[in-house]
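Q: Provided below for reference: sequence and predicted model.
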Amino acid sequence: MTLAHPAIRRLLFVLVAVAAMALAYFAGYRQEHRAQERTASETKTQAPPTTVQYQPGSSQLMYIQSTPVLSFPEPLIEPLSARVAYDENYTSRVSSPVAGRVVKIAANPGDAVRAGDTLAWLDAPEYLSAIADVGKSNADLVQKQKAFERSQTLLNAEVIARKDFETTQADLAQARAENERARKRLLNLTREQRGLVNDRYGVRAPISGVVAERKVNPGSEVRPDAPDPLFVITDPTHVWVIIDLPEKYLGKIEVGQKVTLDVDAYPGADFWGEVASVGRVLDPATRRVPVRCTVSNSLGRLKPEMFARVTPIGAESRKLPRIPNSALFSQGLYSFVFVEKGPGTFERRQVTLGLQGRDESYVKEGLADGERVVTGGALLLNSELAVGR
């Protein structure tokens, strides 16, 4: 059989046509597949490379926490170490003006007292002696007064000489002076007392406040020249904060300047105060200057001898967003945060930092007031971006 046979030629033609159609089909499929890959690649390239998105209910969302950004006045320098102290304008250290022995304690640390309340009772011989002196001088004054009146009557009747009358007159003046001395001495001892108290001397509170310290016990012997006070009374709503300011920061602090205060006992709580005085003398050993700040303590949360960190601030009109350091992470020389753009959507953003403290930092560029920044789970989000690439 030869190729010239008509049936064979038709079969070959059909086979060639089928082969051509198959080649055309596969070529079109491959071109379409490449177009799809190119479209997918372009779509992937156009997707934001700094955004992580989770579907609602994703388990990863359990590990992510965010908080709104708030702006605060820009601090001038890093926080300074300080301590809380009594406000001496509202504090009284109570001692006894007489020597004696404590027979009863009437106030304990933490008790609120009013001016004139009894803090302790003393068995004080000097106090009893002062009472006796007043009684004696009163009796002597009455006697000298009567003697003067008699001598005056006799002088008028020309029975005695004027010399004798003048003697009784001088004795009366002396008795009056002694009586005045005795009464003033007793008044000085009992100035804060509401009347005399038999044979016990009461140590009284000179101001209203809270008993902060008690350094005496029943049976203790006390004296006016004791080095320690018996009681310390203070108004806890007023405290001082003392800063030992390094010499290099002297130009950053001035009287009347606003400061913020934070303590370990209340993390995240801001206390506001004002610089009341700046020391005039530099300590030659520490190269530091004492700075005293007044702080309102209306809730009584600040306690004397607490350690604190004080941050002087500049003009209150210039405010910067403040974020916790847990929101920050670094890549190379730059700092980043994640901002929550919507439910389950987080954007990585580069920020420029101002002052960076131990727990919080101020952001100069990259964040706006009111945006929500991720404070927990930022590293998880960053790892998701790295895997996605």
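A: All right, it came through fine.
Q: use CA for all of it now, contacts and neighbours both
A: Will do.
Q: low-scoring stretches of the chain, by residue?
A: Along the chain, segments meeting pLDDT under 70 span 1-48, 191-198, 315-317, 388-389.
Q: Go through the longest strand seen in it and flag the buried ones.
A: Identified as the longest strand of the chain according to DSSP state E is strand 345-356. Neighbour-count burial for strand 345-356, counted by 16 or more other Cα atoms under 10 Å, picks out 346-348, 350-351, 353-356.
Q: Can you tell me which helices and strands that strand packs against?
A: strand 51-53, strand 334-342, strand 360-365 (3 or more Cα pairs under 8 Å, 6 or more residues apart in numbering; DSSP states H and E).
Q: coming back round to it: what's the most distant pair in the buried residues of strand 345-356?
A: 346 and 355 (25.3 Å; Cα to Cα).
Q: what's near enough to touch residue 245?
A: Applying Cα atoms under 8 Å, 6 or more residues apart in numbering to residue 245 gives the contacts 80, 288-291.
Q: How much space separates residue 88 from residue 287?
A: 25 Å (Cα to Cα, to the nearest Å).
Q: And residue 228, by the same measure?
A: 31 Å.
Q: ranges for the strands of the stretch 101-250 of the chain?
A: 112-113, 118-123, 201-204, 209-214, 221-222, 231-234, 238-246 (DSSP state E, counting those that start in this stretch).
Q: thinking again about what came up before, show me the one of the helices and strands packed on strand 345-356 that comes nearest residue 142.
A: Proximity to residue 142 (Cα to Cα) singles out strand 360-365 among the helices and strands packed on strand 345-356, at 78.8 Å.
Q: Quick check: next helix or strand after that closest one?
A: strand 372-376 (DSSP states H and E).
Q: Mind giving me the packing neighbours of the very next helix or strand once past that following strand?
A: Next along the chain after strand 372-376, taking DSSP H and E as the criterion, comes helix 378-388. The helices and strands touching helix 378-388, judged by 3+ Cα pairs under 8 Å, 6+ apart, are strand 51-53, strand 334-342.
Q: Out of the ones you listed, flag the one nearest residue 278.
A: Across the helices and strands packed on helix 378-388, residue 278 has its closest neighbour in strand 334-342 (36.8 Å, Cα to Cα).
Q: what comes up buried for the closest one?
A: 336-340.
Q: one step back: adjacent strands (with direction) for the longest strand of the chain?
A: strand 51-53 (antiparallel), strand 334-342 (antiparallel), strand 360-365 (antiparallel) (DSSP bridges).
Q: For it, give me every contacting residue.
A: In contact with strand 345-356 (Cα under 8 Å, 6+ apart) are residues 50-54, 75, 77-78, 334-341, 361-367, 381-382.
Q: mind running it again at 7 Å?
A: Contacts to strand 345-356, defined as Cα atoms under 7 Å, 6 or more residues apart in numbering, come from residues 50-54, 78, 335-341, 361-366.
Q: Then stretch 375-383?
A: So stretch 375-383 is contacted by 52, 63-67, 326-327, 338 (Cα under 7 Å, 6+ apart).
Q: what about it, distance to the chain center?
A: Chain-centre distance of stretch 375-383: 32 Å, with Cα atoms, centre = their mean, to the nearest Å.
Q: can you tell me which helix or strand the closest residue to residue 242 other than its chain neighbours belongs to?
A: Excluding the flanking residues, the one nearest residue 242 by Cα to Cα, 6 or more residues apart in numbering is residue 292, at 4.8 Å. Here residue 292, judged by DSSP H and E, is contained in strand 288-296.
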